[in-house]
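Chemist: need the 3D shape of this:
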Amino acid sequence: MTELDVAGLQRRLAQFAEARNWEQYHTPKNLVAALSVEASELVEIFQWLTPQESAGVMADPDTAHRVRDEVADVLAYLLQLCEVLGIDALAALSAKIDRNEERFPVQGEG
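Modeler: Numbering: from 1, shown residues only. The predicted structure follows:
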């Protein structure tokens, strides 16, 4: 199995879109809209579950498959958006964690 990395997945997504002449539709506006739709489809799976049911959602093979597919769709559109906007997703996440650590220090240390 090939080792997975963000840049490699972004290349595969770009090649997939280019081969089908879809890159013309991959504007930031369209990608954000698609990301929102896919995130909503993920929410739909969990919408009426109790907290206990939601914690066990991966135990059912059919539901687990749906969850994995929707997570993949959300990630794909997010990576495509980052590619189009020139955002390094991992660097952005790391910087955000740094800011959150400063904003929300651990209480009771010292």
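Chemist: and the longest helix along the chain, which residues are buried?
Modeler: Secondary structure assigned by DSSP state H gives helix 61-85 as the longest helix of the chain. Applying a neighbour-count criterion of 16 or more other CB atoms under 10 Å, one finds 63, 66-67, 70, 73-84 buried in helix 61-85. Every C-beta, even on glycine, is put in place using the N, C-alpha and C of the backbone.
Chemist: those residues: which two are farthest apart?
Modeler: 63 and 84 (31.9 Å; CB to CB).
Chemist: for residue 83, what are its contacts?
Modeler: With contacts defined as CB atoms under 8 Å, 6 or more residues apart in numbering, residue 83 is in contact with 10, 13, 14.
Chemist: TSV please, covering these and showing secondary structure and distance to residue 103.
Modeler: Shown next, in TSV, are these (DSSP: H, G, I helix; E, B strand; the rest coil; distance: CB to CB, whole Å):
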residue	secondary structure	distance to residue 103
10	helix	29
13	helix	33
14	helix	35
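Chemist: out of the residues you listed, which end up buried?
Modeler: Buried by 16+ other CB under 10 Å: 10, 13, 14, out of those.
Chemist: looking at those, which is nearest residue 35?
Modeler: Relative to residue 35, the closest of the buried ones among the contacts of residue 83 is residue 13; by CB to CB it sits at 12.9 Å.
Chemist: these two touch, right, that closest one and residue 79?
Modeler: Yes: with contact defined as CB atoms under 8 Å, residue 13 counts as touching residue 79 (6.1 Å).
Chemist: on the three-state scheme, the nearest residue to residue 73 once chain neighbours are set aside is what?
Modeler: Spatial nearest neighbour of residue 73, chain neighbours left out: residue 38 (4.0 Å); criterion: CB to CB, 6 or more residues apart in numbering. What DSSP: H, G, I helix; E, B strand; the rest coil gives for residue 38 is helix.
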